[in-house]
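>>> have a look; sequence and predicted model below, questions after that.
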Amino acid sequence: MEVAHLGKQVTTGDSVLTILSDVSFSVASGVAVAVLGASGSGKSTLLGLMAGLDLPTTGTVHIDGHDLFALDEDGRAALRGRLLGFVFQSFNLLPAMTALENVMLPLELANAPDAAGAARLLLERVGLGARMHHYPQQLSGGEQQRVAIARAFVISPALLLADEPTGNLDAATGADIIDLMFELNRERGTTLILVTHDEALSRRCGRSLRLAGGVLQP
Amino acid sequence: MRRFADIAMAMRLLARDWRAGELTLIAVAVFIAVASVTTVGFFTDRVHQALTRQANQLLGADLVISSNRPLSEQFSVEASRRGLQVSNMLRFPSMAARDMNSVLTEIKAVSSGYPLRGELRIADVTQGVERTAQGIPAPGTVWVDERLLLRLKVQPGDSIVVGRSRLRIASIITHEPDSAIGFINSGPRVLINATDLPATGLVQTGSRIRYRVLVAGDADGVERYRAWVATQLAPGQRVESIHDARPEIRSALERAERFLNLAALLSVVLAAVAIALATRRFLQRHLDASAMLRCHGASRGRVVRLYFWQFIALGTLASAAGSVAGLLAQHALALWLGGLVTVELPGAGPVPAVHGFITGLALLLGFALPPLLALGRVPTLRVLRRDIGAPDGLGVLAYLLGAVVICALIVWRAGELRMGMIVAAGFAGAILISTLMVWGVLAAIARLKVSGVSWRFGIANLRRRRLASVLQVVALGAGIMALLTLTIIRTELLQLWQTSLPRDAPNRFIVNIQTDQIAPLRDFFAEHGMAMPELHPMVRARLVRINERVVAPADYTDERARRLVDREFNLSWATRMQKDNLLLAGDWWDVPESRRDQFSMEEGIARALGVVLGDTLTFDIAGRNVTAAITSLRKVDWDSFNVNFFVVAPPGLLEAYPVSYVSSFYLPPGNAALLNAIVQRFPNFLLIDVAQVMTQVQNLINQVARAVQFVFLFTLAAGLIVLYAAIASTQDERLYQATIMRTLGASRGQLLRANLAEFAVIGALAGVMAAAGANALGAILAQKVINVGYAFSLDTWAVGIACSMAGIVAAGYLGTRRVVAIAPLRVLRDLS
């Protein structure tokens, strides 16, 4: 992944707010990178831009050779469907679907054969083999995040983006979740970009990027 | 291939949403909407058929073709070929004799099957037990009415001479369904078998015979046959149904029909409101899901397609289920009603089910499509930041397509453009005005200094959720407005029907009173201790020209107009306008020195003939032409049963022409002797008994009134769904907010009061909107469409606002009880 001169400004009323300013870095495939920073430092905005969920004011992002912002919205969606996995702080599971169905969803969207089989395997892998048919509201926070991780890995993404994945969890559960993510990352050779404000967590990544006031610290 | 994959995926998503209960409200809204539209449709369809059939009893058939010359066989043959029932009848005046006595009678020769509608009742002896006749008189016998027995001094079993035949009296006719049709039943009735007719030798060239072919069958079949007959009619032949025969029945049926249509229409409005609310809620709950789908690689188009197919499937299933439920419900209703409605309800056609189905699907898509397109535009960033909300499409503009769909449905279902347009415009206006009003009021009350934390909080909520609040008020207001409008019209209609026929309404008409008989008639009434009834002059005339144009029946497609031109008009003159007439346009000749050459015309006939105020009419009266301009148009209350005329002139125009007089009076029951006395004293009089018609009309009206009440109940049920959907539409938000407040230490009582305060304001605003809208729309509909009066009443305001507040607060309490009772942690987890 190549991020070059990325900047994001938003206009609120008559004032212009700079959230990100001239951020550039590159990430080689298979490594784990932590993006650190205090609240409001622009971490989540950077993650959103790297995933093509939002448009930058300036700069480019290349993933696997594709210029993300040269694609239109649907092109970016297709790219995400193929290459990117997500884990969110608030899990973002669909409440109307069981654990299994939530994990199947990305495969189903890609019309992949045997979505259920692949999803079952991954749920077993994250330790939820017995809870596949439970709805998110019947699962604990840690279990919900495991479902979210299974959903992220089910398409075998080249790049996994995680936004404060332990933010809503207690310390012990959070540690389990992180272990699981790193294990899967190793097993599958996925590139991991992890947004966090947890210094301990960042030390487990091979590399750390630090954001302050929207600017990448040297 | 891709499309099938999308459909398959959409179905999977649908099944998951269904299982999770996400679709319940929207499915129930569509289901109830379709069921209520279908039930009301089925019911109005069947009641309409039953009422028409009931009315047709007065004709003895659904359709009658008549002529002064023998009717071609083809009319009967074609009717039989189409599977319709046919019967032939000849009517003519002739003498009947016994010993030295003879009397002028009305002979009616009938063939088997008569009467096709209604029943003939007979008795074996005078004052004997009445029973329904099975069949017609056997060959060689006659059935006669009691007047003949009195006049000829005969008894059942005796024989009378009719023409060259001697026929035995077998039974006494006590009730003839079609006796009141046509002004010709002056003499006692003799009913004979048509096979006896040739032997009597009475059918000869020059006999005054009226030939009739009676036809009956299912409504559609008869209507198609009627269309065929219209192309076959020769001069002097005419076809009539009950609508053509009696204006008072026509107007009662038309009003009932319009009301039933209106009820069906308003149930569509209610359905639309319920579906709009449920759809909005569904889409709001699916914002996250669609952001998620996009995040996982689904394109905008794909997200839209996935939801589109879901809605199609959901709409199809719920609408189909609703249609079936409607069918079952109206069967149950018909069984239940069986005891109340004396007419047999004919089977319902499939059309209402199809209408209901189309209505459900159209409404769902109309209200779902714009927000659906907006779902495709949900920013994917929402997966990271929940505060990024719904795209603009979910706003008020999204309802434009829905509004267009509902207007189209209203006009379609109204059956007539004018009523549809008035209802559509009424609701559009009410919604527009109240949206602005409620928006303003909510802004204003937010500034009020209210004591009490609950009230303050409740009112603050209204302002904070201003769009949702406005939507809630307007939706509820529109729903209640539909119910109130129907209530207003129903009240006016029932009142009109209850008061339209006073106990002493005229029940006998006297026709053919000559000028020199006026004084003797006055003496006659005085002798019998009765007041002399009002006399109306009558001049027979034929319309020959409108302005400079010569008029011919072929100029008109409207059958009533054709017949009017073909037949003779009864003209009259009067100084004052009759009490049951209403001047619609122009001026009445109140001033003594006004012109003599003017006509006042009944508005319905003016419309049928295509004439307007200022046109001149030329009538041929006994070979001389009389020309005058139309200077006023009147509305005539035919329900009054008073003598009325289509065309009236001022005194001075018509006096020089041959004139006779007509009158109507009330004869209390049990005074048959008086009738005989009149006939004996004035043998040339035509005495017409409308008592039977009036009883039938009254029965008809009572049944329509019942039908109207039941249809109203169904509309009410649809209204309750609106209430539920409206309360549910903000429930998630209430839950979330209540949880936070509970967490912060608010008591259940405080929360409950805050919610109730909010609902009370919503109820009051919706009530005001509903009362104002319903009074305005009701007034217009009552006067312009249903043709009943409209009296402003504070009751509808008081009842509307009180019921609205009470209903909404109660429903709000029931709907949000959970909000204050549930453990906060659960809600937080549910909603996280």
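In hand now; what should we look at?
>>> OK, contacts around the most centrally placed residue in chain A?
When Cα atoms, centre = their mean is applied to chain A, the residue found nearest the centroid is A:Leu161 (2.3 Å). Going by Cβ atoms under 8 Å, 6 or more residues apart in numbering or on different chains, A:Leu161 touches A:47, A:50-51, A:84-87, A:193, A:195. In this view, the C-beta of every residue, glycine as well, is placed from N, C-alpha and C.
>>> at 7 Å what do you get?
A:Leu161 makes contacts with A:47, A:50-51, A:84, A:86, A:193, as judged by Cβ atoms under 7 Å, 6 or more residues apart in numbering or on different chains.
>>> keep only the residues you listed that also lie close to chain B.
Among these, the residues within reach of chain B (Cβ under 7 Å from any Cβ of the partner chain) are A:47, A:86.
>>> redo the contacts of A:Leu161 as CSV? Include neighbour count, secondary structure and pLDDT.
As requested, the contacts of A:Leu161 are exported to CSV (neighbours: other Cβ atoms under 10 Å in any protein chain shown; DSSP: H, G, I helix; E, B strand; the rest coil; pLDDT from 0 to 100):
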residue, neighbour count, secondary structure, pLDDT
A:Leu47, 22, helix, 86
A:Met50, 24, helix, 89
A:Ala51, 26, coil, 84
A:Leu84, 27, strand, 87
A:Phe86, 26, strand, 83
A:Ile193, 23, strand, 92
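>>> okay, residue 152: pLDDT?
With no chain named, the answer covers chain A. We have a pLDDT of 89 for A:Ala152.
>>> actually, chain B is the one I wanted.
So B:Leu152 comes in at 85 (pLDDT).
>>> then B:Pro156?
91.
>>> swap in B:Asn699?
On the pLDDT scale, B:Asn699 gets 67.
>>> my read: B:Glu106 touches B:Asp178, true?
No: the pair B:Glu106 and B:Asp178 does not pass the contact test of Cβ atoms under 7 Å, sitting 11.9 Å apart.
>>> picking that back up, state the helix or strand in which the residue nearest to the centre of chain A lies.
Using DSSP states H and E, A:Leu161 sits in strand A:159-163.
>>> so where's the stretch 351-500 of chain B shaky on pLDDT?
B:383-398, B:414-415, B:450-453, B:497-500 (pLDDT under 70).
>>> quick one: the helices in it?
B:351-375, B:399-414, B:417-446, B:453-464, B:466-500 (DSSP state H, counting those that start in this stretch).
>>> of all the ones you listed, which one is nearest chain A?
helix B:351-375 (13.8 Å; Cβ to the nearest Cβ).
>>> count the residues that sit near B:Arg131.
A count of nearby residues for B:Arg131, using other Cβ atoms under 10 Å in any protein chain shown, gives 13.
>>> just to revisit the earlier point, per-residue pLDDT, the residue nearest to the centre of chain A?
Reported pLDDT at A:Leu161 in the predicted model: 89.
>>> separation between it and A:Ser24?
18 Å (Cβ to Cβ, to the nearest Å).
>>> swap in A:Thr18?
16 Å.
>>> so which strand or helix has the nearest residue to B:Ile727 once chain neighbours are set aside?
Setting aside the residues directly before and after it, B:Ile727 is nearest to B:Gly815 in space (Cβ to Cβ, 6 or more residues apart in numbering or on different chains), at 3.7 Å. B:Gly815 is part of helix B:794-821 when elements are defined by DSSP H and E.
>>> what packs against that helix?
helix B:466-500, helix B:691-728, helix B:731-743, helix B:748-780 (3 or more Cβ pairs under 7 Å, 6 or more residues apart in numbering or on different chains; DSSP states H and E).
>>> surely B:Val239 is in a strand?
Yes: using DSSP: H, G, I helix; E, B strand; the rest coil, the secondary structure at B:Val239 is a strand.
>>> and it, what's its pLDDT?
Confidence score, pLDDT, at B:Val239: 79.
>>> what's B:Leu667 sitting at in phi/psi?
Backbone torsions of B:Leu667, given as degrees, to the nearest 10, read phi -110, psi 110.
>>> report how many residues lie close to the spatially closest residue to it that is not a sequence neighbour.
The shortest distance from B:Leu667 to any residue other than its chain neighbours is 4.9 Å, reached at B:Arg508 (Cβ to Cβ, 6+ apart). By other Cβ under 10 Å, 19 other residues sit near B:Arg508.
>>> my guess is B:Arg508 meets B:Val679, correct?
No: if you go by Cβ under 7 Å, B:Arg508 and B:Val679 don't touch, sitting 11.5 Å apart.
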